[in-house]
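Visitor: could you work out the structure for the sequence below:
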Amino acid sequence: MKRINEKNLKELAAVHGLHCISVFIPTHISGDKGLREGDALLLKNELKDIKRKLAARGLAQPGLDEWVKPIQNLVDDTEFWSRQEGGLALFISDNLFKKYELDINFEPYNYVSTEFYIKPLFSALATNQDFFLLTLELEEVRLHKGTEAGLQEIDITEMVPTRLEEVVGSDYEQKSSQFKSQQKGHGYSVYYGHGEGKDENKTEINKYLREVDKSITKLLKNEKVPLVVAGVDYLVSAYREVNSLDNLYERHIPGNPKLLGLESLHKRALDLLQPYFNKTKKEKTESYRQFQGTPKTANNIDDIVPEAMHGKIDTLFMLKNQDVFGMVDEVSDQVEYKEGAELAEVSLFNLAAKEAFLHGGNVYLVEQEEMPDGFSIINALYRY
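Guide: Okay, here's the model as predicted:
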C-alpha cells in the first residue's frame, strides 16, 4: 500500500498544466475474479469519460491516447487488480504519473482541469495514525513503528540495550534472585522491590532504564509522532521518571507485552491514541463554535474561497462527497457559480482545500453531524 503524506499532497497541489487528470475509484481487497474484473471495468468507464473531456478541450488523436496511456495500461493489467487495498487514486499530467493504492473507499470520480483534484485525499491523510510502540521488559526491549495497518519492528539491537544485564552486569540475576518471584500461571518475572537489597535493585533498574531512554531519545528525537510504552505498571512508571523524550504518550498499555501479543498491542495502542489523533480536530471544532457569528468564522463559500487563497484560513471543514463548481476572479475576489464541471470551471471546494492546505491550514472532510455549523456545507475558522 502506498500511503499519502503531507509531502505527497503538497507535490500534487503544486502541479499546474494544460491537462491535469485525477481519477478515483473504489476497489476490492482480495476479491474474486468477477470483482476484480468489475474494478477494471469501473476504471475503463472513467477512462472513457476522461477521453471525452480531453477531446472537448481540443486534444486530438493520436495525442489523446498517448496522454491517457498510463490509465489504459492499468485497465489491461490483470495482476494489478489482484492486489488492491480498497481505493485507487491516479494523477496524470505532462511527464507525470502518480498512483496511490489506499485503504479508503473512494466514490468513482474523475476530474480534468489545469490542476489536480486532491480534495478526497484529505480523508486518506487523516487516517495516517502513525506512532511508535516500545515494549518494555527487564528481559527484553523492542521498538515498533505503528500505523493504522499494523506494527513493523525496528531493529534496535545495535543502538539500545535490550536486556537489563547488558547495563548492570550478568551478576544482576544472582544478586536479585531472592527478591524475584515467578508469578504463578503467568510465566514472567516480577521484581517486588521490598526487603534487603531493595534500593540496590531499584538503582540498577533505573540505571538500565536511563540507558534505554538515552538510546530511544537519540533514535526518535526528530520524530513528531507519539511513543506509546507497553509494560507492567511499576516498570513504565520508573521509565517515565527518567524519560527525556518530548512525545512520550501520557498513557501506556499495562501488562506483560509477551502475553498480550502484537495484534492486541496494535489494537490497544490505536484505541489509546484516538484522543491524540482527534485532538486538533476537536479543538478546532470547539474554537469555531466559540467564535461562530464573529469575523473569525465563515460558512459561505463566496467568502471562504478568496480568504483561502490569501492564506487566512486556520481550519477548513467541508462535507464529504459535496462540491460546488465555478470560477474566481482573483482581482476582485468574486466567486461565480456554474452548473456542473465544464471547461472553464473549477471545483471551488478543491480550490479552497488546496489553498488552505498550502498555506498551513487544517482541512477536514466530515459528515453533516460533524460540521461545526450543521446547517452549512463548508465552514472556515480564520487565523485572524
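
Visitor: CA only for contacts and neighbour counts going forward, please
Guide: OK.

Visitor: which SS class is F24?
Guide: Secondary structure for F24, judged by DSSP: H, G, I helix; E, B strand; the rest coil, is strand.

Visitor: so what's N8 scoring on pLDDT?
Guide: Looking at N8, its pLDDT stands at 93.

Visitor: can you get me a residue count around it?
Guide: Number of residues near N8 (other CA atoms under 10 Å) recorded here: 12.

Visitor: next one, pLDDT for I50 please.
Guide: Reported pLDDT for I50: 96.

Visitor: so how far is W67 from it?
Guide: To W67, I50 is 10 Å away according to CA to CA, to the nearest Å.

Visitor: same check, this time on K221
Guide: From K221 over to W67 the distance is 45 Å, taken as CA to CA.

Visitor: name the nearest residue to T315, ignoring sequence neighbours.
Guide: Leaving out its chain neighbours, the residue that sits closest to T315 by CA to CA, 6 or more residues apart in numbering is N362, at 4.5 Å.

Visitor: phi, psi for that neighbour please.
Guide: With angles defined as degrees, to the nearest 10, N362 sits at phi -90, psi 140.

Visitor: give the contact list for it.
Guide: D314, T315, L316, A356 (CA atoms under 8 Å, 6 or more residues apart in numbering).

Visitor: how about 7 Å then?
Guide: D314, T315, L316 (CA atoms under 7 Å, 6 or more residues apart in numbering).

Visitor: tabulate the residues you listed (TSV), appending secondary structure.
Guide: Below are these laid out as TSV (three-state DSSP):
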residue	secondary structure
D314	strand
T315	strand
L316	strand
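
Visitor: out of these, the closest to S22 would be?
Guide: Checking these against S22 with CA to CA, the nearest one is L316 at 22.0 Å.

Visitor: would you confirm that the closest one contacts N379?
Guide: Yes. Counting by CA atoms under 7 Å, L316 touches N379, with 5.9 Å between them.

Visitor: neighbours around D94, how many?
Guide: 13.

Visitor: residues touching it, list them.
Guide: So D94 contacts nothing (CA under 7 Å, 6+ apart).

Visitor: okay, it: pLDDT?
Guide: pLDDT, D94: 90.

Visitor: how far away is it from E115?
Guide: D94 is 11 Å from E115, by CA to CA.

Visitor: and I378, by the same measure?
Guide: In terms of CA to CA, I378 sits 21 Å off from E115.

Visitor: how is the protein divided into domains?
Guide: 6-126, 131-276, 279-382 (automatic domain parsing).

Visitor: looking at K221 and W67, which is more packed in?
Guide: W67 (20 against 13).

Visitor: and the pLDDT for the more buried one?
Guide: For W67, the predicted pLDDT is 93.

Visitor: hang on, the earlier thing: go through the domains of the chain and find the least confident stretch.
Guide: Across the domains of the chain, domain 131-276 has the smallest mean pLDDT, namely a mean of 81.

Visitor: how many neighbours does the nearest residue to R268 once chain neighbours are set aside have?
Guide: Spatial nearest neighbour of R268, excluding adjacent residues (CA to CA, 6+ apart): I253 at 7.0 Å. The local packing of I253 (other CA under 10 Å) involves 21 other residues.

Visitor: residue contacts, I253?
Guide: With contacts defined as CA under 7 Å, 6+ apart, I253 is in contact with V229, A230, G231.

Visitor: also K338?
Guide: F325, G326 are the contacts of K338 under CA under 7 Å, 6+ apart.

Visitor: now it: phi and psi?
Guide: Torsion angles, degrees, to the nearest 10, at K338: phi -130, psi 160.

Visitor: for L96, same thing?
Guide: phi -140, psi 130.

Visitor: so what pairs up with it in the strands?
Guide: L96 has these beta-bridge partners by DSSP bridges: S93.

Visitor: just V23 next, same as before
Guide: Counting by DSSP bridges, the residues bridging with V23 are L90, N110.

Visitor: distance of it from K214?
Guide: 47 Å.

Visitor: kindly report the same for L96.
Guide: 44 Å.

Visitor: looking at these two, which has the bigger crowd around it?
Guide: K214 (17 against 10).

Visitor: which SSE is the more buried one in?
Guide: Following DSSP states H and E, one finds K214 within helix 198-220.

Visitor: quick one: the helices in the stretch 201-350 of the chain?
Guide: 233-242, 257-260, 262-277, 279-291, 301-309, 348-358 (DSSP state H, counting those that start in this stretch).

Visitor: looking at those, which is closest to H19?
Guide: Closest among the helices of the stretch 201-350 of the chain, using CA to CA: helix 348-358, at 16.3 Å.

Visitor: by contact count, what packs against that closest one?
Guide: Under the contact definition 3 or more CA pairs under 7 Å, 6 or more residues apart in numbering; DSSP states H and E, helix 348-358 sits against helix 301-309.

Visitor: so what touches the helix it packs on?
Guide: Helix 301-309 is contacted by residues A298, I313, D333, V335, L348, A352, E355, A356, I378, A380 when judged by CA under 7 Å, 6+ apart.

Visitor: what does stretch 259-272 give?
Guide: Taking CA under 7 Å, 6+ apart as the rule, stretch 259-272 contacts G150, L151.

Visitor: output that stretch as CSV, nothing but the C-alphas.
Guide: Output in CSV follows, covering the C-alpha atoms of stretch 259-272 (Å, rounded to 0.1, in the frame of the first residue of the first chain):
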residue,chain,number,x,y,z
LEU,A,259,1.4,-12.2,26.9
LEU,A,260,-0.6,-9.6,25.1
GLY,A,261,0.8,-10.3,21.6
LEU,A,262,1.4,-7.9,18.7
GLU,A,263,-2.1,-8.0,17.4
SER,A,264,-3.6,-7.0,20.7
LEU,A,265,-0.8,-4.4,21.3
HIS,A,266,-1.6,-2.8,18.0
LYS,A,267,-5.3,-2.6,18.7
ARG,A,268,-4.8,-1.3,22.2
ALA,A,269,-2.3,1.4,21.0
LEU,A,270,-4.7,2.7,18.4
ASP,A,271,-7.6,2.8,20.9
LEU,A,272,-5.3,4.6,23.4
